[in-house]
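Undergrad: using only what follows, build the 3D model:
(one chain, ligands or ions: 2)
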Amino acid sequence: MEDVIAHYYFRPDERTTPEEAAQAIAEEETTGTWTALTTRQDYVRRLDGIVESVEKSGRGYLTLIRYPAEIFEPGNIPQYLSVVAGNLFGLGRLEAVRLTDVEFPESLARFNGPNFGTEGVRHLLGTRNRPHVGTIIKPKVGLTPADTAHVAYEAASGGVDFIKDDETLTNQSFCPMNERVEAVMARLDEAKDETGRQVLYAVNVSDRADRIVERAEEALERGANTLMVDVLTCGYAALQALAEEPGISVPIHVHRTMHAAMTRNPEHGIAMRPIARLVRMAGGDQLHTGTVSGKMGHNAEELLLDNRALTDPWYGFRPVFPVASGGLHPGKVHAELATLGTEIVLQAGGGIHGHPDGTAAGARAMRQAVDAFLEGISASEYAKDHVELYRALELWGTS
Ligand SMILES: O=C(O)[C@H](O)COP(=O)(O)O
Ligand SMILES: [Mg+2]
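TA: Numbers count the residues shown, from 1 in each chain. Ligands and ions are numbered 1, 2, ... in the order given. Take a look at the predicted model:
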């Protein structure tokens, strides 16, 4: 494959045939516009988008559109998006249109990709053959640096592998990032002395384009061992800037806040699959892709394919750790692992810090639920002699 193949679902308006609608997308995103160009030079034709197929699907149609590779500027993800996910979403002749997937040729996939990926993160933590358990500090905003660090310490003592800031916490006055990183890393060192286990703490460095690398470096100077970025609000270019910065040698955890504005409507927007591919190219090491039983909408079949976009062999890019997060608790661990497998990060915020006996007990309950799954025992059975899990199931149940 030398060109880009974009997959769209669409529904034309009543005055437009499916073929005309697909052609309208191809023209808008390549050499055409709403009317024929009398001035168009012939040599430009080689950049015409080509409608490869149109077929009925549900209430609408699926089309594959071939965009000549030459239209794209290699390495420029914002420009890639302006073609495959650009003006087409607003075309009046289409009542709905959704980018469901995109295939890039090798010539346009020459990125460094993840510096760590699943294996690199596992190497830092010394784990094998089990999912990682992570938590999001809660409340998501409002805590002082010292209290944030205390919550992190409790979670680490209880057995989590991974701790992250929430997506809305960056460098607000109530919890300045530098102070927070110093405080959290000091308490995580304390926990490590006690448990012997290393925990990763992903500091949210999301910021404006001209400041994000500097902010990440400040976090690293204060001991951060992982970074986090809100990729859809900051942009893929911000993620790429972090991943390609020679001085940044820690994993990058990628949050997808705002994604549902694009992914939620099954007929319109951008599906998670293209987002997953772009994050892998741009260098994310872990990416939130969704859950099968959590608080956000979910479609297990799609999610499995999204996760495979992160983990299947692809142009030599390291596999990315899929992250299941949002509304999870120990009672949901079985459903997640049974469907998504164990090469995954399971995160729980409320499902750890809402435990009746506190954060450390909540973390223990999550780890116990994972152990139960790995031993092939139901959570309810395992809870009979694991009190933290018992208390969690008593509160939240198993569904
Ligand atoms: O950022 C996230 O993934 C959410 O904050 C998850 O939080 P929850 O486990 O409390 O839903
Ligand atoms: Mg969150």
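
Undergrad: from here on, just use CA atoms for contacts and neighbour counts.
TA: Noted.

Undergrad: three-state assignment of the nearest residue to Gly354 once chain neighbours are set aside?
TA: In space, and not counting its chain neighbours, Gly354 is closest to Gly362: 7.3 Å by Cα to Cα, 6 or more residues apart in numbering. Here Gly362 takes the helix state, with states given by DSSP: H, G, I helix; E, B strand; the rest coil.

Undergrad: just give me the neighbour total for Gly362.
TA: Gly362: 32 surrounding residues under other Cα atoms under 10 Å.

Undergrad: list the contacts of it.
TA: By Cα atoms under 8 Å, 6 or more residues apart in numbering, the residues touching Gly362 are Ala155, Gly158, Gly351, Ile352, His353, Gly354, His355, Pro356, Glu388, Ala392.

Undergrad: can you list the residues of the stretch 201-350 of the chain near ligand 1?
TA: Residues of the stretch 201-350 of the chain lying close to ligand 1 (Cα under 6 Å from any ligand atom) are Ser325, Gly326, Gly327, Leu328, Ala348, Gly349, Gly350.

Undergrad: in helices only, show me the residues you listed.
TA: Residues of these located in helices (DSSP state H): Gly350.

Undergrad: PyMOL command for the buried members of the residues of the stretch 201-350 of the chain next to ligand 1?
TA: Here is the PyMOL command that picks out the buried ones among those, judged by 16 or more other Cα atoms under 10 Å:
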select buried, resi 325+326+327+328+348+349+350
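
Undergrad: could you work out the most separated pair of the residues of the stretch 201-350 of the chain next to ligand 1?
TA: For these, the farthest-apart pair by Cα to Cα is Ser325 and Gly350; their separation is 10.6 Å.

Undergrad: can you give me the neighbour number for the residue in the stretch 151-300 of the chain positioned nearest to ligand 1?
TA: Residue of the stretch 151-300 of the chain nearest ligand 1, by Cα to the nearest ligand atom: Asp166 (5.2 Å). Look at Asp166: counted by other Cα under 10 Å, it has 22 neighbours.

Undergrad: now Met1
TA: Residues contacting Met1 under the criterion other Cα under 10 Å number 10.

Undergrad: quick one, what contacts it?
TA: So Met1 contacts Pro105 (Cα under 8 Å, 6+ apart).

Undergrad: run the last query once more with 10 Å
TA: Listed by Cα atoms under 10 Å, 6 or more residues apart in numbering, the contact set of Met1 reads Ala69, Glu103, Phe104, Pro105, Glu106, Ser107.

Undergrad: sort out which residues of the helix of greatest length in the chain are buried, please.
TA: Determined from DSSP H, the single longest helix within the chain is helix 177-195. Buried residues in helix 177-195, counted by 16+ other Cα under 10 Å: 177-178, 180-189, 191-192.

Undergrad: now swap in stretch 61-72 and tell me
TA: Here stretch 61-72 shows Tyr61, Leu62, Thr63, Leu64, Ile65, Arg66, Tyr67, Pro68, Ala69, Ile71, Phe72 as buried, counting by 16+ other Cα under 10 Å.

Undergrad: same question for stretch 19-37.
TA: In stretch 19-37, counting by 16+ other Cα under 10 Å, buried: Ala21, Ala22, Gln23, Ala24, Ile25, Ala26, Glu27, Glu28, Glu29, Thr30, Thr31, Gly32.

Undergrad: now swap in stretch 337-357 and tell me
TA: Neighbour-count burial for stretch 337-357 [16+ other Cα under 10 Å]: 337, 340, 342-355.

Undergrad: mark which of the residues you listed are part of strands, please.
TA: Among those, the members falling in strands (DSSP state E) are Val345, Leu346, Gln347.

Undergrad: quick one: those as CSV, columns for pLDDT too.
TA: As requested, those are exported to CSV (pLDDT from 0 to 100):
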residue, pLDDT
Val345, 98
Leu346, 98
Gln347, 98
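
Undergrad: the stretch 251-399 of the chain: helices as residue ranges?
TA: For the stretch 251-399 of the chain, the helices defined by DSSP state H, counting those that start in this stretch cover 259-263, 272-282, 300-311, 333-340, 350-353, 359-374, 379-382, 387-396.

Undergrad: dump the residue contacts of the closest residue to Ala183 other than its chain neighbours.
TA: The spatial neighbour of Ala183 that comes closest, neighbours along the chain excluded (Cα to Cα, 6+ apart), is Ala149 at 5.5 Å. By Cα under 10 Å, 6+ apart, the contact set of Ala149 is Ile137, Leu143, Ala155, Arg180, Val181, Glu182, Ala183, Val184, Met185, Ala186, Arg187, Leu188.

Undergrad: from ligand 1, how far out is the first one?
TA: So the one you mean is Ile137. As judged by Cα to the nearest ligand atom, to the nearest Å, Ile137 and ligand 1 stand 8 Å apart.

Undergrad: can you report phi and psi for that residue?
TA: Main-chain torsions, Ile137, degrees, to the nearest 10: phi -60, psi 130.

Undergrad: can you name the residues that contact the closest residue in space to it that isn't next to it in sequence?
TA: Spatial nearest neighbour of Ile137, chain neighbours left out: Asp165 (5.8 Å); criterion: Cα to Cα, 6+ apart. Neighbour list for Asp165: 135-138, 140-141, 148, 152, 201-205, 227-229 [criterion: Cα under 10 Å, 6+ apart].
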